[in-house]
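Visitor: Return a 3D structure for these sequence lines:
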Amino acid sequence: MIKEDTFTIKRIRFDEHYLPSENTRLTTNFANLARGESRQANLRNVLKMIDNRFNDLAHWDNPKRDRYAVELEIISFDMDISFKNNKETFPLIEILKTTIIDKINNKRIEGIVGNNFSSYVRDYDFSVLLPEYNKDRKDFSKPDNFGDLHGNLFKTVISSDSYKRNFSKAPVICLSVSGNRTYHKTDNEHPVLGVEYQQRDLSLTDQYFAKMGMQVRYFMPARSVAPLAFYFFGDLLSDYTTLELISTISTMESFQKIYRPEIYNANSAASDCYQPSLKHQDYSITRIVYDREERSQLAITQGRFTEERFIKPYQDILEQWSASYAV
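Guide: Numbering: from 1, shown residues only. Presented below is the predicted three-dimensional model:
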């Protein structure tokens, strides 16, 4: 069965020299950015965007806005499978770790682990299972156990000795807000995260992350144009330092400007009552080449791979384990 010592951690430095390995999860945005003629310029430009935004937010004792730099590592969790007399490794999830470089004090400061989130099983759930479940239905719905297996696998990773040996704090994952929900500005304002937004109904992604044990809050940092969704365990506002939070904001806001410029590189800021839309036309394009259509198609490919290599061969074992885990 699946135990806490089932997972192996791999680290890959994400810098201007990054090359995706042959067995990386191709749907990661990192791999998409790091291919083609513009690969090195893409990587160099996005890293500069992150550093600039970090220094913009960490402006105290930083008159030239050049005190800090952010280093990134892609953290992969592989799962060792030893069911039904088989022994193989399955790539489960990828997250991103930040490290902050203080160039004045010549110090390396731990950032937040999480940030971006990529998952084979999530690709299967959203790109294979959900479309097939709704193929002949008039009204969209989801299976009763949608996200249960993925959520239990994720919680097992986070509680594993492998995770605890490598990371001192629980992950924070920062994603785009949903295009089919309306967000309302509140009077609550955090000095780093910015103005808080709220919405009445959790999106499908919010519900999926709840199965992973994570809460969600939405904040729009200073000089941002749209709120970000922060998924976390514990207390987001007190469990992490100012610089840790800035490392996540600067990293994921920069990526979102590339992935979803209609929302995060819009030419006007979110209103008090805000509904994001990828059909919004008044936005600017970054100089970074990103193939959104390719990523969408590869998500389906990876979802099918997961179905064939992980779900179908071990479905009975996985379902039994997940049910017992919940109990």
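Visitor: got the contact list for the closest residue to Glu262 other than its chain neighbours?
Guide: Closest residue to Glu262 apart from its sequence neighbours, by C-beta to C-beta, 6 or more residues apart in numbering: His280 at 4.3 Å. (Each C-beta comes from the backbone N, C-alpha and C, glycine too.) Contacts of His280 were listed using C-beta atoms under 8 Å, 6 or more residues apart in numbering, and they are 262-263, 266.
Visitor: Over to Arg67?
Guide: For Arg67, the contact set (C-beta under 8 Å, 6+ apart) comprises 55, 58, 61, 102-104.
Visitor: Derive a PyMOL selection command for the buried subset of these.
Guide: For the buried members of the contacts of Arg67, the matching PyMOL selection, counting by 16 or more other C-beta atoms under 10 Å, is:
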select buried, resi 55+58
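Visitor: Closest one of the contacts of Arg67 to Ser322?
Guide: Ala58 (41.8 Å; C-beta to C-beta).
Visitor: burial count for Thr186?
Guide: If you count neighbours by other C-beta atoms under 10 Å, Thr186 ends up with 13.
Visitor: Not counting residues beside it along the chain, what's closest to it?
Guide: Nearest non-adjacent residue to Thr186, counting by C-beta to C-beta, 6+ apart: Glu196, 4.9 Å away.
Visitor: cool, and Leu228?
Guide: Using C-beta to C-beta, 6+ apart, the nearest residue to Leu228 is Cys174, at 5.4 Å.
Visitor: Over to Glu71?
Guide: Thr99 (4.4 Å).
Visitor: After the helix or strand hosting Ile249, which helix or strand is next?
Guide: Taking DSSP states H and E as the criterion, the element that holds Ile249 is helix 242-259. Later in the chain than helix 242-259, the nearest helix or strand by DSSP H and E is helix 261-264.
Visitor: What lies in contact with that following helix?
Guide: Contact partners of helix 261-264, identified using C-beta under 8 Å, 6+ apart, comprise 176-177, 179, 224-226, 253, 256-257, 276-281, 283-286.
Visitor: so can I have JSON lines of the contacts of His280 showing distance to Val157, neighbour count and pLDDT?
Guide: As requested, the contacts of His280 are exported to JSON lines (distance: C-beta to C-beta, whole Å; neighbours: other C-beta atoms under 10 Å; pLDDT from 0 to 100):
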{"residue": "Glu262", "distance to Val157": "33", "neighbour count": "17", "pLDDT": "95"}
{"residue": "Ile263", "distance to Val157": "29", "neighbour count": "23", "pLDDT": "96"}
{"residue": "Ala266", "distance to Val157": "35", "neighbour count": "20", "pLDDT": "96"}
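Visitor: Which member of these is positioned nearest Gly147?
Guide: If you rank the contacts of His280 by distance to Gly147 using C-beta to C-beta, Ile263 comes first, at 24.1 Å.
Visitor: what's the distance between that closest one and Ser296?
Guide: 16 Å (C-beta to C-beta, to the nearest Å).
Visitor: same check, this time on Lys97
Guide: On the measure of C-beta to C-beta, Lys97 and Ser296 end up 26 Å apart.
Visitor: more crowded one of the two?
Guide: Lys97 (22 against 11).
Visitor: so the more buried one bridges to which residues?
Guide: Counting by DSSP bridges, Lys97 is bridged to Glu73, Val113.
Visitor: That one and Gly111 touch, don't they?
Guide: Yes. The pair Lys97 / Gly111 is scored as a contact, 6.7 Å apart, by C-beta atoms under 8 Å.
Visitor: joint contacts of these two?
Guide: Counting by C-beta under 8 Å, 6+ apart, nothing touches both Lys97 and Gly111.
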